[in-house]
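>>> Sequence and computational prediction follow.
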Amino acid sequence: MHYNTSKRGVTLDLDEVADQEKFKTLIASADVLIESEATTRLASLKLDYDDLSTLNPKLIHIAVTPYGRSDPQSDLPVTDLTLMAAGGPPWNCGYDDHSLPPVRGWGNQAFHTGSHFAYMSALTALLHREISEQGQFIDVSITAALNVTTEAASYTHLLNGGEVQRQTGRHAAATRATGETQMQCADGRYVNTGVPPRFPVEFGRLHAWIRTLGLEPEFPEAVFLEMGAAWEGQFELSKIGEDDTITAIFSAGRDALKLIATKVSAYDFFIGCQNAGLAVGPINSPEEAFEDPHFVARGFQVPVQHEDLDRTIVYPGAPYKLPASPWQIAHRAPHLGEHNDEIFED
């Protein structure tokens, strides 16, 4: 229901000649076709890009398949789990305790990752079409999309023959050289202390926060925060672990965040770090994230009337705001074939 809000819905049986003609009618005025059919199905029906582009040379045709159109594995059964495993993200997602199995992100992330690459490709193709006035065929492999989102993991393996190590709440790395970042706050909830201060102004704000909370007496390392605030120029991050002063300053930043986390609630920790310009996050359930005051204030919650159910349902709205091309949920998802008569009037 969420994925299909603001759309109109028609049903076509592409094995029927009459519905093939209706499909061609839609294609003639379409900007973009997104499909996830079996690799040779549209070609066998003479409805693939080479056929459709004769009807509409400006058509952008995007095929999203598990391994790409040219790989026969794309026609084998898959699930979000098997795609994630084949693409690589579970390899570098999990906990410091490697007796626990790898972890995959929930929420159909494999399908979403492939869809994001299709979306970015569509926008790029639309820009290209404004100049060339030509459409194009775009072949999206979900596993390839997943593989390039493993950050350094794939490169570490393919180029260096190494293996990354899973780390709780942190980027996987060839060696587990960083300390834990997830902390339990005073209210029992957890936060990820994220990226510690890296610039003098951030050390200054963190030092001020320590003082405001009255924690300076129990944090003698505050002197290093003061040194970081007075640092001239940029820090050379590559010298952490080599230069004693730089190492002490950065360690103090991380330790200060850990100390503060034990003294305040998870939400207050989050807000305090936001005020200091530090990227951290509370560990929320989906329901908690949806009810976050910031999301509520920016209108992320959108009530949608369902006359078919005689009730209103609150949906997640736009994940971003684009001032030049704003969008919003216009109406509920259509029922199967709800707009057949509207679209294909005799």
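Yep, that arrived. Numbering: from 1, shown residues only.

>>> use CA for all of it now, contacts and neighbours both
Fine.

>>> Wasn't residue 68 part of a helix?
No: applying DSSP: H, G, I helix; E, B strand; the rest coil, one finds residue 68 to be coil, outside a helix.

>>> which residues touch it?
74, 139-142 (CA atoms under 8 Å, 6 or more residues apart in numbering).

>>> May I ask which of these has the most neighbours?
residue 142 (28 neighbours; other CA atoms under 10 Å).

>>> Pop out the phi and psi values for it.
Main-chain torsions, residue 142, degrees, to the nearest 10: phi -60, psi -40.

>>> Could I get the contacting residues of it?
Residues counted as contacts of residue 142 (CA under 8 Å, 6+ apart) are 64-68, 83, 87, 110-111, 113-115.

>>> Over to residue 84?
Residue 84 is in contact with 90, 104, 109-110, 143, 146, counting by CA under 8 Å, 6+ apart.

>>> got CSV for those, with neighbour count too?
Below are the contacts of residue 84 laid out as CSV (neighbours: other CA atoms under 10 Å):
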residue, neighbour count
90, 18
104, 20
109, 17
110, 26
143, 26
146, 24
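
>>> Mind picking the one among the residues you listed that's closest to residue 291?
residue 109 (21.6 Å; CA to CA).

>>> Any idea how many residues pack against the nearest residue to that closest one once chain neighbours are set aside?
Nearest residue to residue 109, sequence neighbours excluded (CA to CA, 6 or more residues apart in numbering): residue 80, at 7.2 Å. Residues near residue 80, counting by other CA under 10 Å, number 18.

>>> Please report the distance of residue 80 from residue 225.
Using CA to CA, to the nearest Å, residue 80 is found at 45 Å from residue 225.

>>> same question, residue 341
Distance of residue 341 to residue 225, given as CA to CA: 69 Å.

>>> pLDDT below threshold where in the stretch 201-346 of the chain?
Scanning the stretch 201-346 of the chain for pLDDT under 70 picks out 346.

>>> As a check, name the ranges of all strands in it.
281-282, 301-306, 311-316 (DSSP state E, counting those that start in this stretch).

>>> Need the winner for burial among those.
Mean neighbour count (mean count of other CA atoms under 10 Å) peaks for strand 281-282 among the strands of the stretch 201-346 of the chain, with a mean of 22.
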